[in-house]
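> how would this look folded up:
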Amino acid sequence: MAEIDLEELFIEGAKKLAIKDFDGALEYFNKILEVDGKHVKALEARAVIFFQRGDLEAAERDLNAALEIEPENYRLYFRLGQIYYKRKDLDKALELFTRAIDLNPMYPAAYMARSQVLRDKGLEEAADLELDKAVAAHREMAKAQKIIDFA
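So this is what the prediction gives:
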């Protein structure tokens with residue numbers, strides 16, 4: 001029997017996810033997780049599907065499982081923050097977005113999310129500062145990409 005190539009399965013699932021074929025993507029990610037229950041990228045991708053479908057509990061369960069394996073993965077904290085934001089738990093969302101930024105200070109999406117939380121809390125000036133940080137982080141990433149592209 002041929003060995004299952006988990007990376008190939010993940011790529012196929014990601015393609016399905018990109019076109020919002022959630023059922024198709026879920027089949028691939030579930031297959032991966034049957035073989036390797038600690039496959040962080042599959043757990044994260046499946047959490048995205050659950051989040052899109054409004055199943056916040058299942059999304060949170062997968063993200064927490066992934067964080068057990070990769071506690072320094074900033075994207076997982078960001079995605080968990082999105083869940084708490086959707087639940088209107090602004091303090092917990094703010095804490096999680098901040099953790100994502102602590103782990104990766106060049107993560108524009110987390111600054112933008114933190115800005116939205118602060119705006120929702122009525123802290124306009126602080127929210128504007130976060131947007132400035134998002135733009136600065138994006139600019140730095142673009143500069144670094146140019147260096148990589150033309151090196």
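> Go through this structure and flag its longest helix.
Secondary structure of the chain per DSSP state H: the longest helix is helix 124-150.
> Give me the mean pLDDT for it.
Over the span of helix 124-150, the pLDDT mean works out to 83.
> buried sites along that helix?
127, 130-131, 133-134, 137-138 (16 or more other CB atoms under 10 Å). C-beta coordinates here come from the backbone N, C-alpha and C atoms, glycine included.
> Equivalent analysis for stretch 106-123, please.
So stretch 106-123, judged by 16+ other CB under 10 Å, has buried residues 107-118.
> ok, now stretch 50-64?
Buried residues in stretch 50-64, counted by 16+ other CB under 10 Å: 50-51, 56, 59-60, 62-63.
> coming back round to it: could you pick out which of the buried residues of stretch 106-123 are located in helices?
108-118.
> can you list those in CSV and add distance to Lys38?
As requested, these are exported to CSV (distance: CB to CB, whole Å):
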residue, distance to Lys38
Pro108, 29
Ala109, 25
Ala110, 25
Tyr111, 30
Met112, 30
Ala113, 27
Arg114, 29
Ser115, 34
Gln116, 32
Val117, 31
Leu118, 35
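> Which one of the residues you listed is nearest to Leu6?
Using CB to CB, Ala109 comes nearest to Leu6 of these, at 26.4 Å.
> right, and Phe22 touches Phe50 too?
No - between Phe22 and Phe50 there is no contact under CB atoms under 8 Å: 9.2 Å.
> Can you name the residues in contact with stretch 55-69?
37-38, 40, 43-44, 46-48, 50-51, 73, 76-77, 79-80, 83, 86-87 (CB atoms under 8 Å, 6 or more residues apart in numbering).
> Mind checking which of those residues are buried?
Neighbour-count burial (16+ other CB under 10 Å) applied to the contacts of stretch 55-69 gives 40, 43-44, 46-48, 50-51, 73, 76-77, 79-80, 83.
> which residues of this structure score low on pLDDT?
When residues are selected by pLDDT under 70, those of the chain lie in 1-3, 148-151.
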